[in-house]
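**Q** predicted model and sequence below, questions to follow.
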Amino acid sequence: MSSSANAPVVVIGAGPAGLTAAYDLTRRGVPTIVFEQDGQVGGLAKTVVYKGFRFDIGGHRFFTKASSVRELWRELIGNDLLERPRLSRIYYRGRFFDYPLKASNVLANIGPLTSIAVLASYLRACLAPIDPERSFEDWICNRFGRRLFDMFFRSYTEKVWGIPCGEIGAEWAAQRIRGLSLRTAAINMLRPGGRSAIRTLADAFEYPRLGPGMMWEACRDQVAQAGGRVALGARIVELARDANAVTAVVVDVNGERRVQPASHVISTMPLRDLVSRMAPAAPATVRQAADRLKYRDFLTVALVVDQADVFPDNWIYIHDPSVRVGRVQNFKNWSLDMVPDPTLTCLGLEYFCTSGDGLWAMDDDALVELAARELDAIGLVRRDRVLDGTVVRVHKAYPVYDAGYRDAIAQVREWAERFTNLQLVGRNGMHKYNNQDHSMLTARLAVRNVFGERHDLWAVNADDEYHEDGGERATSSAQRCVPQRIRAENG
């Protein structure tokens with residue numbers, strides 16, 4: 001079997017990256033087919049509907065400095081993209097802390113003695129910083145001191161990743177919370193007008209009126225209208241290859257296997273799975289490297305609450321180790337149209353887990369009861385106010401930045417780049433903690449590569465570019481010339 005210039009481009013995955021690639025390809029008249037394993041589009045950015053209540057998987061803010069991404073959002077849903085103020089707080093040991101930090105609120109909550117202890121811990125870190133910074137714990141302690149690390153970072157971070165902070169790479173912190181330190185937080189607390197000076201934070205964002213899935217359902221429809229095809233319930237079984245190219249993709253749809261020849265493949269599937277499904281098999285060293293890549297799974301318990309107003313935040317971070325929930329979303333505060341009855345509220349309690357562990361294995365009724373009890377324990381909602389609930393489980397929601405992951409990625413990437421018609425995009429496709437806009441940028445640049453341009457997709461959201469700042473700089477850095485891997489076969 002050999003690849004053909006007349007075969008369609010195959011896009012694996014119908015999340016933000018995959019659908020963006022399909023949108024751009026079909027706009028250029030390129031025959032395109034998208035294979036998606038799930039029964040609906042959107043990937044991690046889909047919107048789930050339960051008895052008329054709408055909720056998303058983690059809360060998806062639409063925020064970007066990349067003009068091309070912003071323009072695409074508007075092309076797809078126009079006036080249905082709402083502007084929303086950001087309001088979030090941290091819950092820690094019975095108290096709520098404003099986030100971004102406010103001096104009066106912090107001092108009132110922790111008191112003068114603890115404030116002095118926090119400052120002393122920070123000064124110790126300034127005088128004797130950890131060098132070299134190898135872990136997330138090292139990175140945070142150097143910028144905040146160990147006292148604040150123990151108060152506000154350890155519990156939540158270990159809930160998310162399921163491993164000690166000392167085993168999480170420092171590059172994750174550098175990428176996600178660039179520019180934030182105790183000094184900048186203190187400056188921010190004292191700024192007139194309360195606007196954030198911290199590059200980590202944005203005080204407003206946009207959000208689709210009916211949730212993020214609205215965006216990707218519109219994108220699917222546009223792809224179909226332009227002649228593309230989005231196949232749901234299509235599981236990738238195999239990627240047939242020769243020495244230099246992927247020649248076809250084998251999919252299973254309702255138990256039937258189909259071989260789809262491909263001129264190019266743009267993949268958003270988890271990198272570990274991509275390697276395992278190559279045929280002939282990848283070399284043993286590459287398979288071993290891919291097997292070292294780890295993922296964190298996720299579940300949302302959506303609760304219907306008999307209460308019109310619960311709290312004003314979009315979401316609350318739960319840093320308290322006494323409960324297992326990591327974050328609580330109030331979807332009504334993202335958009336009023338997420339809730340069908342204004343006298344009720346829908347809250348999403350987020351639990352970070354690993355497929356097969358105790359949380360993941362709990363039945364849905366037990367998880368709903370756990371979430372309702374924890375809402376009561378935190379003091380947000382009384383247990384008897386919870387009317388109903390449902391559970392959504394998500395595999396491979398977070399690529400893990402543990403010790404050794406960088407070397408494993410480098411090995412897999414070096415091997416994958418020998419295939420002249422294969423490009424990896426998106427969060428799981430690159431095993432990179434991209435936000436939605438960065439995933440879209442990788443997809444848009446991948447399409448331009450199909451037409452002979454030369455863009456380094458791995459430069460998008462590089463560690464020195466924070467996810468809510470410098471999006472345009474990330475785009476320009478992605479335009480540096482690299483050895484051309486894709487030759488134009490269309491247009």
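**A** Sure, I can see it. If you're wondering where the values come from, they're calculated on a predicted model, not measured in any experiment.
**Q** which SSE is the residue nearest to Gly326 when sequence neighbours are not counted in?
**A** In space, and not counting its chain neighbours, Gly326 is closest to Lys159: 4.4 Å by C-beta to C-beta, 6 or more residues apart in numbering. All C-beta atoms are positioned from the backbone trio N, CA, C, and that covers glycine. Per DSSP states H and E: Lys159 is located in helix 154-161.
**Q** just to revisit the earlier point, residues contacting the residue nearest to Gly326?
**A** When contacts are counted by C-beta atoms under 8 Å, 6 or more residues apart in numbering, Lys159 touches 318, 324, 326, 352.
**Q** just give the nearest non-adjacent residue to the second one, would you?
**A** So that's Arg324. Per C-beta to C-beta, 6+ apart, closest to Arg324 is Tyr351, 6.1 Å.
**Q** which pLDDT value goes with the one you found?
**A** Looking at Tyr351, its pLDDT stands at 97.
**Q** and it, how far from Ser322?
**A** Separation of Tyr351 from Ser322 (C-beta to C-beta, to the nearest Å): 15 Å.
**Q** ditto for Phe35
**A** According to C-beta to C-beta, Phe35 stands 44 Å off from Ser322.
**Q** kindly state the beta-bridge partners for the residue nearest to Leu25 when sequence neighbours are not counted.
**A** In space, not counting the residues next to it along the chain, Leu25 is nearest to Thr32; the distance is 4.4 Å by C-beta to C-beta, 6+ apart. With DSSP bridges applied, Thr32 shows beta-bridge pairing to Val9.
**Q** does Thr32 touch Val9 like I think?
**A** Yes - with contact defined as C-beta atoms under 8 Å, Thr32 reaches Val9; the gap is 5.0 Å.
**Q** now the common contact residues for those two.
**A** Joint contacts of Thr32 and Val9 (C-beta under 8 Å, 6+ apart) are Leu25.
**Q** of Tyr351 and Ser322, which one has the most company?
**A** Set side by side, Tyr351 and Ser322 show more neighbours around Tyr351, with 23 against 11, by other C-beta atoms under 10 Å.
**Q** Gly213 - nearest residue in space that isn't next to it in sequence?
**A** Thr47 (2.9 Å).
**Q** give me the pLDDT value at the one you found.
**A** pLDDT recorded at Thr47 is 98.
**Q** ok, it - contacts?
**A** 54-56, 210-214.
**Q** quick check: the farthest pair among the residues you listed?
**A** Greatest spatial distance among these (C-beta to C-beta): Phe55 and Met214, at 12.8 Å.
**Q** who's more crowded, these two?
**A** Set Phe55 next to Met214 and count neighbours by other C-beta under 10 Å: Phe55 wins out with 25 against 22.
**Q** Three-state assignment for the more buried one, please.
**A** strand (DSSP: H, G, I helix; E, B strand; the rest coil).
**Q** so what sits opposite it in the bridge?
**A** Val48.
**Q** do a quick rundown of the helices in the stretch 301-450 of the chain.
**A** Here the stretch 301-450 of the chain has its helices, by DSSP state H, counting those that start in this stretch, at 358-361, 364-378, 405-416, 427-430, 436-450.
**Q** how deep is the residue nearest to Leu25 tucked in, by neighbour count?
**A** For Thr32, the neighbour count with other C-beta under 10 Å is 26.
**Q** and if you look at Val305?
**A** Counted with other C-beta under 10 Å, Val305 comes out at 23.
**Q** hang on, the earlier thing: and the residue nearest to Gly326, what pLDDT?
**A** Lys159 is given a pLDDT of 91.
**Q** gap between it and Pro321?
**A** Distance from Lys159 to Pro321, by C-beta to C-beta: 8 Å.
**Q** same deal with Ser276?
**A** From Ser276 over to Pro321 (counting by C-beta to C-beta), the distance is 36 Å.
**Q** quick one: low-confidence parts of the stretch 51-200 of the chain?
**A** Low-confidence segments of the stretch 51-200 of the chain (pLDDT under 70): 100-103, 174-200.
**Q** where along it do the strands fall?
**A** Taking DSSP state E, counting those that start in this stretch, the strands of the stretch 51-200 of the chain run over residues 53-56, 81-85, 88-92, 95-99.
**Q** what's the angle from the third one to helix 364-378?
**A** So that's strand 88-92. Calculated by axes from the mean of the first three to the mean of the last three C-alpha atoms, to 10 degrees, strand 88-92 forms an angle of 90 degrees with helix 364-378.
**Q** now for strand 88-92, which elements pack on it?
**A** Strand 88-92 sits against strand 95-99, strand 315-318, with contacts defined as 3 or more C-beta pairs under 8 Å, 6 or more residues apart in numbering; DSSP states H and E.
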